[in-house]
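*Asks:* whatever this is, show me its structure:
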Amino acid sequence: MLSGCCKYGVVISKIPVMQTGLCGIMELHFPEYEITSYRSPEELTLFQLRRSSMVLVDLSGEFRQARTVCEQYYSLLSQYRDIHWVFLVSRPIYPLAVEFLMRPESTLLSDAEPVDLVIKAIRAGGLSAERISQTLLSTDHEDASGEEDPLTLLTLSERKVLRLLGKGWGINQIAALLKKSNKTISAQKNSAMRRLALRSNAEMYAWINSAQGMKELNLFSAYGDSIEWKKVPQGDMSLS
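*Replies:* Got it, this is the predicted structure:
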């Protein structure tokens, strides 16, 4: 630790090599920070959180209890809004991370993010950083796996829009998230419905809840039992 440190930060990773690497990045590029590292959020103390201005969390090893871990961090984000939370997210838990961890003061990065982009996100801070890195937005699980069903009907953009609609996001929220206009998001939604021969929002949500829809949108791995998708947000039924 340097005697000139005037900021406090936390690195959390259950993978030793990742923890060491992230601490090394902080030490090399952010010498003004005094960094404390932990394996899990349970090890954090109230004192540590109250004085910290940045928490860097590696979620790449959290496959088995992804929902529980995301819920834990959701609770912490709600209580400590002055902290810039930076999450390194693996592809399988990306939908959960969007659902639970997206806030104005948080940033989602890929666990395969180049080091320079991790540094850029940390340096930007909670209010200036890009909320979701282009590395996550530009790559979809189906495309990365190389096993996409040849009968797939939807484009990558259309899948993203339907996936977020299925989780209860509105057109305005999706437009802000993907940095597109409301008109563009509505057009992608309507285009997807035409491809699928769906005539109403009710039919669209029914398709999302179906086995075919959940497979197309890659929802099984992140959300488990399809019963979670049986409730359609009433406010979204009238989306145009």
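*Asks:* and the strand or helix carrying residue 120, how far from the chain's centre?
*Replies:* In this assignment (DSSP states H and E), residue 120 forms part of helix 115-124. Relative to its chain's centre, helix 115-124 lies at 17 Å (CA atoms, centre = their mean, to the nearest Å).
*Asks:* pull out the buried positions in the next helix or strand along the chain from that helix.
*Replies:* Scanning forward in sequence from helix 115-124 by DSSP H and E, the next helix or strand is helix 134-137. When neighbours are counted by 16 or more other CB atoms under 10 Å, the buried residues of helix 134-137 are found to be 135, 136, 137. Heads up, the C-betas are built off the backbone N, CA and C, glycines and all.
*Asks:* can you list those in JSON lines and add pLDDT and distance to residue 102?
*Replies:* Below are those laid out as JSON lines (pLDDT from 0 to 100; distance: CB to CB, whole Å):
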{"residue": "135", "pLDDT": "80", "distance to residue 102": "16"}
{"residue": "136", "pLDDT": "78", "distance to residue 102": "11"}
{"residue": "137", "pLDDT": "76", "distance to residue 102": "12"}
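*Asks:* between these, which is nearest residue 196?
*Replies:* Closest approach to residue 196 among those (CB to CB): residue 137, at 22.9 Å.
*Asks:* which parts of this structure are strands?
*Replies:* Using DSSP state E, the strands of the chain run over 7-12, 33-38, 54-58, 84-89, 106-110.
*Asks:* turn those strands into JSON lines, including mean neighbour count, distance to residue 181 and mean pLDDT.
*Replies:* Converted to JSON lines, these look like this (neighbours: other CB atoms under 10 Å; distance: least, CB to CB, whole Å; pLDDT from 0 to 100):
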{"stretch": "strand 7-12", "mean neighbour count": "21", "distance to residue 181": "36", "mean pLDDT": "95"}
{"stretch": "strand 33-38", "mean neighbour count": "19", "distance to residue 181": "38", "mean pLDDT": "95"}
{"stretch": "strand 54-58", "mean neighbour count": "24", "distance to residue 181": "32", "mean pLDDT": "95"}
{"stretch": "strand 84-89", "mean neighbour count": "24", "distance to residue 181": "26", "mean pLDDT": "94"}
{"stretch": "strand 106-110", "mean neighbour count": "24", "distance to residue 181": "22", "mean pLDDT": "91"}
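*Asks:* looking at these, which is closest to residue 158?
*Replies:* So among the strands of the chain, strand 106-110 is nearest, using CB to CB, at 21.4 Å.
*Asks:* tell me which other helices or strands that closest one touches.
*Replies:* strand 84-89, helix 94-101, helix 115-124, helix 134-137 (3 or more CB pairs under 8 Å, 6 or more residues apart in numbering; DSSP states H and E).
*Asks:* right, and the ones you listed - which one's nearest residue 179?
*Replies:* Using CB to CB, the nearest of those to residue 179 is helix 134-137, at 8.8 Å.
*Asks:* contacts made by the closest one with the rest, please.
*Replies:* If you take CB atoms under 8 Å, 6 or more residues apart in numbering as the criterion, helix 134-137 is touched by 89, 94, 108, 109, 110, 112, 113, 114, 117, 160, 178.
*Asks:* again, but for stretch 54-64
*Replies:* Outside of stretch 54-64, the residues within contact range by CB under 8 Å, 6+ apart are 7, 9-15, 18-19, 22, 26, 33, 41, 49, 66, 69-70, 73, 83-90, 92-93, 97, 111, 122.
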